[in-house]
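K.L.:
just a sequence and a predicted model for now, questions to come.
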Amino acid sequence: MRRHCLLPTLLLVAACGCATTGGLSTTDVIEQYPQVGELHAALLDAEKAKAALLAPTGYAESKMYLDLAIEEAQDGNKGKANNAAQRGLSAVAKLNVSLSAFRDAMEDVLETRERAIAAGARNLYSEEMNKVEQDFRELAEKAENGKLDKVLEKRPEILAVYSDLELRALKKGSVEGAKAAIKEADKAGADKWAPKTMKLAREQVKLVSSVLDADRTKVEKAHSHAAKTIWLAGRAMAITSLTKKFDKQDLTNEEIILWFQGQIEEAAEPLGEPLPFDKSDRDAILALRDDISGIKKGLEDTRVVIKQYQEELARVTEAAKKQRAATEIAMREVLNADRKDLVALRQKYADFLSPEGKSSAVTEQREVEVKLRYEEIKAAFNDREATVIMQDANILITLSGIEFAKNKADVSARSFGLLNKVAMAVQKLPEAGIEISGHTEARGKEIKNQEISQQRADAVLKFLTEVGGVDAGRINARGMGSSKPVATNKTTDGRTQNRRIEVLIINRNK
């Protein structure tokens, strides 16, 4: 029986490297099987996005396929390993859709939950925290099952619980954290070696209690005094440690001063100028302060410039977005008006139309319908993703933003969102045929270009049918190699344009 080395946390998978009967470690599989490596990377991204919490079912399914792919690869079953990895990538694509929807619906709940955890609610109120966490997980599962209405209905209740736990934990944590810091410093002997600093710390901890006694809603102010207490207690311990060191080494006053000046010189070394310790200590400190002030001023000026740039960029982007939206609305209104006029005329003169006339009216109505769908499809893509044009009654989507592994047919996980848009686009014309064509640049052997272009077209077809739910009977995929360039192959930009996937939506009723 093979010994599994897959660890529960995906962040550790790449470091596992344990031996198997097939001779490949987990790390070897990830490096030698591109699709498995891509699935591993996609799951790492999902884990960073907290998919295990926010989309548990999809995350578990995706991880199951990764485990299976690695096992098959370790057994030498290359085809089964790649198949499992591809299915895992499809599962990740669905997972990311669920993850995005749930995160959007529960954004304020997620933020409040993180603050409650940071305040220590898990330790202080474990029973209540466990219950609300279970409710949270159930909502995540509902979101994966498409029940967002149930999620939104329950959201205010969960938000209120997390908010209450955060507030109570902050109140309790402020006092107890400050007292614990004082106690730790006291054990280290800080009262003997740093009495003045310890006195200040104890004054601050009294302020924490008095603020909460006077008004328990002033958590931020109490937390500020608690943080000051903890800082002073830490400083007292540092002073104690350093004083004990000097006392043990029996240093003279001169040696102590030289030690401190050496520390300051080391900190100021990146400034590139020696400190004037040949003058008074005050002059040295003022010189250091001036240098730091100059650096700070430069940083502030840079921040101002960056902020101005960001504001201008946001303004231009928003203006362009509004203009585009206005244009799309206007075009839809025109098309809808044309469609309504055509329908009204056809109904008005339906009894007088000959069979040929009726057929012509139906054809015109279909043409209007296709144009309307064309505008909707075009609006779904930005310029970096695709260009959309009409070819007679057909619609051509040229995907410039789709990414594949170098010299491979594996679709990058970063392109799943773009392919989801393509799937939604072709579903807008359910009776239309779909032709997917893969194209390459002219470098390399043409037989290889033909092969990789066919494989990439097949990969897109597989995504649209398995993930996008498009009827496979509607789609045909073919590789064109470098036979149909749209730009010169003599420049980098031209070759980039020639490497593309085209999706032609064919109106069968034209």
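P.N.:
Noted; the coordinates are in hand. Numbering: from 1, shown residues only.

K.L.:
test my guess that Pro34 contacts Ala409.
P.N.:
No. With contact defined as Cβ atoms under 8 Å, Pro34 does not reach Ala409; the gap is 9.8 Å. Any C-beta I mention is one placed from the backbone N, CA and C, and that applies to glycine too.

K.L.:
quick one: which of those two has more around it?
P.N.:
Just comparing Pro34 and Ala409: by other Cβ atoms under 10 Å the higher neighbour count belongs to Ala409, 21 against 17.

K.L.:
check contacts around the nearest residue to that one once chain neighbours are set aside.
P.N.:
Nearest residue to Ala409, sequence neighbours excluded (Cβ to Cβ, 6 or more residues apart in numbering): Gln455, at 3.4 Å. Gln455 sits next to Ala409, Gly438, Gly479 when contact means Cβ atoms under 8 Å, 6 or more residues apart in numbering.

K.L.:
give the buried residues for the helix or strand hosting Gln455.
P.N.:
Element membership for Gln455, per DSSP states H and E: helix 446-466. If you call a residue buried by 16 or more other Cβ atoms under 10 Å, then helix 446-466 has these buried ones: 449-465.

K.L.:
quick check: next helix or strand after it?
P.N.:
strand 475-479.

K.L.:
so that next one versus helix 446-466, what angle?
P.N.:
In terms of direction (axes from the mean of the first three to the mean of the last three Cα atoms, to 10 degrees), strand 475-479 departs from helix 446-466 by 160 degrees.

K.L.:
tell me the helix or strand right after strand 475-479.
P.N.:
Counting by DSSP H and E, the next helix or strand C-terminal to strand 475-479 is helix 492-498.

K.L.:
contact partners of that following helix?
P.N.:
Ser400, His439, Thr440, Glu441, Ala442, Arg443, Ser482, Pro485, Val486, Ala487, Thr488, Asn489.

K.L.:
cool, stretch 45-57 as well?
P.N.:
By Cβ under 8 Å, 6+ apart, stretch 45-57 touches 9-11, 43, 58-60, 62, 92, 95-96, 98-99, 102-103, 106, 110, 136-137, 140-141, 143-144, 413.

K.L.:
ok now that stretch, how far from the chain's centre?
P.N.:
Remark: stretch 45-57 is offset 11 Å from the chain centroid, using Cα atoms, centre = their mean, to the nearest Å.

K.L.:
just the strands from the protein, written as ranges.
P.N.:
Secondary structure of the chain (DSSP state E): strands at 386-391, 394-399, 433-439, 475-479, 500-506.

K.L.:
could I get the ones you listed as JSON lines with mean pLDDT?
P.N.:
Formatted as JSON lines, the strands of the chain follow (pLDDT from 0 to 100):
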{"stretch": "strand 386-391", "mean pLDDT": "91"}
{"stretch": "strand 394-399", "mean pLDDT": "94"}
{"stretch": "strand 433-439", "mean pLDDT": "94"}
{"stretch": "strand 475-479", "mean pLDDT": "94"}
{"stretch": "strand 500-506", "mean pLDDT": "94"}
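
K.L.:
got TSV for those strands, with distance to Gln310 and mean neighbour count too?
P.N.:
Output for the strands of the chain, formatted as TSV (distance: least, Cβ to Cβ, whole Å; neighbours: other Cβ atoms under 10 Å):
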stretch	distance to Gln310	mean neighbour count
strand 386-391	28	16
strand 394-399	30	21
strand 433-439	38	22
strand 475-479	43	18
strand 500-506	33	23
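
K.L.:
redo the ones you listed as CSV? Include distance to Gly417.
P.N.:
Listed next are the strands of the chain as CSV, based on distance: least, Cβ to Cβ, whole Å:
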stretch, distance to Gly417
strand 386-391, 12
strand 394-399, 12
strand 433-439, 18
strand 475-479, 20
strand 500-506, 15
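
K.L.:
gap between the nearest residue to Lys172 once chain neighbours are set aside and Ala238?
P.N.:
Excluding the flanking residues, the one nearest Lys172 by Cβ to Cβ, 6+ apart is Leu124, at 5.6 Å. Applying Cβ to Cβ, to the nearest Å, the value for Leu124 to Ala238 is 29 Å.

K.L.:
more crowded one of these two?
P.N.:
Leu124 (18 against 15).

K.L.:
the more buried one touches Ala169, doesn't it?
P.N.:
Yes. Using Cβ under 8 Å, Leu124 makes contact with Ala169 at a distance of 5.1 Å.

K.L.:
ignoring the adjacent residues along the chain, who's closest to Gly234?
P.N.:
Ala181 (7.0 Å).

K.L.:
and that neighbour, how many neighbours?
P.N.:
Ala181, neighbours per other Cβ under 10 Å, totals 23.

K.L.:
and for Glu328?
P.N.:
When neighbours are defined as other Cβ under 10 Å, Glu328 has 14 of them.

K.L.:
and it, how close does it get to Leu207?
P.N.:
Distance, Glu328 to Leu207, using Cβ to Cβ: 59 Å.

K.L.:
likewise for Glu220?
P.N.:
Distance from Glu220 to Leu207, by Cβ to Cβ: 13 Å.

K.L.:
for Met480, same thing?
P.N.:
For Met480, the distance to Leu207 equals 76 Å [Cβ to Cβ].

K.L.:
do Lys490 as well
P.N.:
Lys490 is 74 Å from Leu207, by Cβ to Cβ.

K.L.:
quick one, phi/psi of Val470?
P.N.:
Backbone torsions of Val470, given as degrees, to the nearest 10, read phi -80, psi 140.

K.L.:
any idea what the nearest residue to Gln454 once chain neighbours are set aside is bridged to?
P.N.:
Sequence neighbours aside, Gly479 is the residue nearest to Gln454 in space, at 2.9 Å (criterion: Cβ to Cβ, 6+ apart). Listed by DSSP bridges, the beta-bridge partners for Gly479 are Gly438.

K.L.:
for Gly479, what are its contacts?
P.N.:
Taking Cβ under 8 Å, 6+ apart as the criterion, Gly479 is in contact with Ser437, Gly438, Gln450, Glu451, Ile452, Ser453, Gln454, Gln455, Arg456, Ala457.

K.L.:
and with 10 Å instead?
P.N.:
If you count contacts by Cβ atoms under 10 Å, 6 or more residues apart in numbering, Gly479 has them with 409, 436-440, 449-458.
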